[in-house]
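*Asks:* Got a predicted model here, sequence first, then my questions.
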Amino acid sequence: MRNFRTEGIIIKRRNIGEADRILTLLTPFNGKIYVKAPGVRKITSRRSSHIEPFTHSLFTLYRGRATPIVTEVQCIEYFILLRENLTKIGSAYYFCELIDGLCAQDQEQLSVFNLLKKSLSHLNMDGDIESIVHNFEIELLIRLGFYKQSSETKNFNASEFIEQLLERRLKTRRMYQFF
């Protein structure tokens, strides 16, 4: 089948050409995938508001020769309150950087998808941002098999452990300094 539908959360985007974007999506059954969104940077584009970072949307994709192409997008949840607070935005970018770095491409990630959706919903509401971020780090490491669940998670420095796994420093952690 050439066309397929999937829900996904946009974790990264980059511009190519004059009016196109390459999006990195986290989907429940296809995992982390890259898709091309042609013409979305044009002023007249109807899809541009549905492909913002952290947006949970339903995508209709056309499987072409290389990268799937976005043909339709319907927004499921926009997380509007998250976008009004710089600390929450920094935390959401941090979540996306972790997923982009730790998750393999084209592998089913249903539990990670649900974790990201739940964490973005918690950020969208009022709550302790530091505990939301720490719980996300620990849960992500457990679900990906990098960390064994124990009672000592309170003293565990997850971001330092993740930097050792990735063999590089985390950009968003230093940029936003949200704690």
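*Replies:* It's in.
*Asks:* Could you list every helix and strand in contact with the lengthiest helix in the chain?
*Replies:* Longest helix in the chain by number of residues (criterion: DSSP state H): helix 86-102. Counting contacts by 3 or more Cβ pairs under 8 Å, 6 or more residues apart in numbering; DSSP states H and E, helix 86-102 packs against strand 3-16, helix 110-124, helix 129-143, helix 158-166, helix 171-176. C-betas here are computed from N, CA, C, even on glycine.
*Asks:* Could you check the angle that helix makes with helix 158-166?
*Replies:* Interaxial angle, helix 86-102 versus helix 158-166 (axes from the mean of the first three to the mean of the last three Cα atoms, to 10 degrees): 30 degrees.
*Asks:* so how far is helix 86-102 off the chain centroid?
*Replies:* Helix 86-102 sits 7 Å away from the centroid of its parent chain (Cα atoms, centre = their mean, to the nearest Å).
*Asks:* what angle separates it from helix 110-124?
*Replies:* Using the same axes, to 10 degrees: helix 86-102 against helix 110-124 is 170 degrees.
*Asks:* Compare the helices and strands packed on helix 86-102 and report which one is nearest to residue 90.
*Replies:* Among the helices and strands packed on helix 86-102, helix 171-176 comes nearest to residue 90, with 3.0 Å by Cβ to Cβ.
*Asks:* The closest one - what's its average pLDDT?
*Replies:* For helix 171-176, mean pLDDT rounds to 74.
*Asks:* do the same with stretch 92-112
*Replies:* 94.
*Asks:* Equivalent analysis for stretch 123-143, please.
*Replies:* For stretch 123-143, the per-residue pLDDT averages 91.
*Asks:* Can you give me the buried ones in the longest helix of the chain?
*Replies:* 88-99, 102 (16 or more other Cβ atoms under 10 Å).
*Asks:* nearest to residue 23, of the residues you listed?
*Replies:* residue 96 (11.7 Å).
*Asks:* Quick check, that closest one in contact with residue 25.
*Replies:* No: counting by Cβ atoms under 8 Å, residue 96 stays clear of residue 25, with 10.8 Å between them.
*Asks:* hey, what's in contact with both of those two?
*Replies:* residue 11 (Cβ atoms under 8 Å, 6 or more residues apart in numbering).
*Asks:* Restrict stretch 19-27 to CA atoms and write it as CSV.
*Replies:* The C-alpha atoms that make up stretch 19-27 are tabulated as CSV, following Å, rounded to 0.1, in the frame of the first residue of the first chain:
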residue,chain,number,x,y,z
ALA,A,19,9.4,25.8,1.2
ASP,A,20,9.9,22.2,2.5
ARG,A,21,10.6,20.6,5.9
ILE,A,22,11.9,17.3,7.0
LEU,A,23,10.1,16.2,10.2
THR,A,24,11.2,13.6,12.7
LEU,A,25,8.1,11.9,14.1
LEU,A,26,7.7,9.5,17.0
THR,A,27,4.9,7.1,16.1
